[in-house]
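Q: Sequence first, predicted coordinates after that:
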Amino acid sequence: MTGTNLEDCSSCRACDLASTRQAVVISRGNPKANLMLIGEAPGAQEDAQGAPFVGRSGRALDQLLRDVDLDPEHDLYICNAIKCRPPNNRRPKKAELAACRFWLDLQLAAVNPKVIVLTGATAVEAILGIKGGMTQLRGQWQIWNERAVMPIFHPSYLLRNPSKAAGAPLDLTRQDLDAVRRRLCER
Ligand code: SF4
């Protein structure tokens, strides 16, 4: 690592992704929120703009959050398991996830969220160590380090499955996020 504070993350060169990235993508949203959303890795838009979930997937995510009365800028802190874009949007390698875990742990310690949302299988595996299909994992509350954790479909999956029918992935994700909002209100 090149430092021990989150501010040092933007100059990190601890894995090979440093040589192909444009920007280190650290976070957006509210660092004092009770809710933290963790995705997989930056894509092209995120790499260009230096913020997570700002492309089509991010806009879809923001709309879903608003649908359940969660404000994307104030009610949660948004980041990824990996801070630099993997070339051609391939899945992050285990070694890259391991190298970047240092920064994610700093973010978890700084934000200290009561509830965590994990978007997609890579984030679920990175945090919970659970491998499996999101169809089975989504919507099932987990407990990790005394925090409530909700796995949901990744927004990019929802863009490929845009059906608005009841019980379709979009509807299920809205239900999952509504369960998250209700859980936050319990505390
Ligand atoms: S992906 Fe993470 S560990 Fe790798 S260079 Fe970027 S910030 Fe550092």
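A: Received it, and whenever you're ready, just let me know what you need.

Q: distance of residue 63 from the ligand?
A: 28 Å (Cβ to the nearest ligand atom, to the nearest Å). C-beta coordinates here come from the backbone N, C-alpha and C atoms, glycine included.

Q: Got the phi and psi for residue 133?
A: Torsion angles at residue 133 (phi, psi; degrees, to the nearest 10) stand at phi -80, psi 140.

Q: Quick one: residues contacting it.
A: residue 121 (Cβ atoms under 8 Å, 6 or more residues apart in numbering).

Q: go with 7 Å
A: With contact set as Cβ atoms under 7 Å, 6 or more residues apart in numbering, residue 133 has no partners.

Q: Return the residues of this structure in contact with the ligand.
A: 9, 12-15, 17-18, 24, 82-84, 96, 99-100, 103 (Cβ under 6 Å from any ligand atom).

Q: Could you rerun that using 8 Å?
A: Contact residues (Cβ under 8 Å from any ligand atom) of the chain with the ligand: 1, 9, 12-18, 21, 24, 41, 82-84, 92, 96, 99-100, 102-103.

Q: Just the buried ones from those residues?
A: 9, 12, 14-15, 17, 21, 24, 41, 82-84, 92, 96, 99-100, 103 (16 or more other Cβ atoms under 10 Å).

Q: which residue ranges form the strands in this structure?
A: Along the chain, the stretches classed as strands by DSSP state E are 28-29, 35-39, 77-80, 115-119, 142-144, 147-152.

Q: who touches the second one?
A: In this case it means strand 35-39. If you take Cβ under 7 Å, 6+ apart as the criterion, strand 35-39 is touched by 52-53, 75-81, 111, 113, 115-120, 123, 127, 154, 180, 184.

Q: which regions of the protein lie under the pLDDT threshold?
A: Scanning the chain for pLDDT under 70 picks out the ranges 1-3, 187.

Q: what about 80?
A: 1-4, 187 (pLDDT under 80).

Q: and the closest residue to residue 126 other than its chain neighbours, what is it in contact with?
A: Closest residue to residue 126 apart from its sequence neighbours, by Cβ to Cβ, 6 or more residues apart in numbering: residue 81 at 4.2 Å. By Cβ under 7 Å, 6+ apart, the contact set of residue 81 is 38, 40, 41, 92, 97, 100, 104, 122, 123, 126.
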